[in-house]
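> Predicted model, plus sequence, below.
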Amino acid sequence: MYKDDTGKHAVQWYGQENQEMQAMEEMGELITALSHKRRGRIDNESVCEEIADVLLALESLKFSFGEDKVNEYLAMKKQRLMIRIGVEMAAKTERERGNTE
Ligand SMILES: [Mg+2]
């Protein structure tokens, strides 16, 4: 199966410190893009481009800090979020039921 090693190659070629700096810059650009989007100054396309930059930078960080550990945390946090959403949905349904009875 094909494994995308772009993050690994970027770290090996440019160095971890450089890729960490790149990630910080890209995350800053995404924050700015989202802020500009809220003000109607840029379109979705520009935000998508900044999201892609951040995702690419995160691949380098995952390689540097431990892909398996990051994936483990990601799975745990996704599961926790889904449980929280389920609890909140149930509470909302209960409130709405209470309002109509
Ligand atoms: Mg960018």
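That came in fine, so what should we check first?
> What about Ile42? Give its phi and psi, please.
phi -140, psi 170 (degrees, to the nearest 10).
> Next to the ion, which bits of the protein? Give me the list.
Glu26, Glu29, Glu50, Asp53 (Cβ under 5 Å from the ion). Placement of C-beta: from N, CA and C, glycine included.
> The residues you listed in helices, which ones?
Among the residues of the chain next to the ion, DSSP state H puts Glu26, Glu29, Glu50, Asp53 in helices.
> would CSV of these with distance to Gln12 be doable?
Shown next, in CSV, are these (distance: Cβ to Cβ, whole Å):
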residue, distance to Gln12
Glu26, 19
Glu29, 24
Glu50, 25
Asp53, 20
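> ranking the residues you listed by neighbours, who comes first?
With neighbours defined as other Cβ atoms under 10 Å, the most crowded of those is Glu50; it has 21 neighbours.
> Might you report the residue contacts of that one?
Residues near Glu50 by Cβ atoms under 8 Å, 6 or more residues apart in numbering: Glu26, Glu29, Leu30, Ala33, Leu34.
> then the helix or strand where the last one lies to PDB, C-alphas only?
So that's Leu34. Leu34 is part of helix 16-38 when elements are defined by DSSP states H and E. This file holds the C-alpha atoms of helix 16-38, laid out as PDB (Å, rounded to 0.1, in the frame of the first residue of the first chain):
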ATOM      1  CA  GLN A  16      12.900  19.600  12.100                       C
ATOM      2  CA  GLU A  17      13.500  23.100  13.400                       C
ATOM      3  CA  ASN A  18      12.800  24.600  10.000                       C
ATOM      4  CA  GLN A  19       9.600  22.600   9.600                       C
ATOM      5  CA  GLU A  20       8.400  23.600  13.100                       C
ATOM      6  CA  MET A  21       8.900  27.300  12.100                       C
ATOM      7  CA  GLN A  22       7.100  26.600   8.800                       C
ATOM      8  CA  ALA A  23       4.200  25.100  10.800                       C
ATOM      9  CA  MET A  24       3.900  28.100  13.100                       C
ATOM     10  CA  GLU A  25       3.900  30.400  10.100                       C
ATOM     11  CA  GLU A  26       1.300  28.400   8.200                       C
ATOM     12  CA  MET A  27      -1.000  28.200  11.300                       C
ATOM     13  CA  GLY A  28      -0.700  32.000  11.600                       C
ATOM     14  CA  GLU A  29      -1.700  32.400   7.900                       C
ATOM     15  CA  LEU A  30      -4.700  30.200   8.500                       C
ATOM     16  CA  ILE A  31      -5.800  32.200  11.500                       C
ATOM     17  CA  THR A  32      -5.400  35.400   9.400                       C
ATOM     18  CA  ALA A  33      -7.400  33.800   6.500                       C
ATOM     19  CA  LEU A  34     -10.200  32.700   8.800                       C
ATOM     20  CA  SER A  35     -10.300  36.200  10.300                       C
ATOM     21  CA  HIS A  36     -10.500  37.800   6.800                       C
ATOM     22  CA  LYS A  37     -13.200  35.300   5.800                       C
ATOM     23  CA  ARG A  38     -15.300  36.400   8.700                       C
END
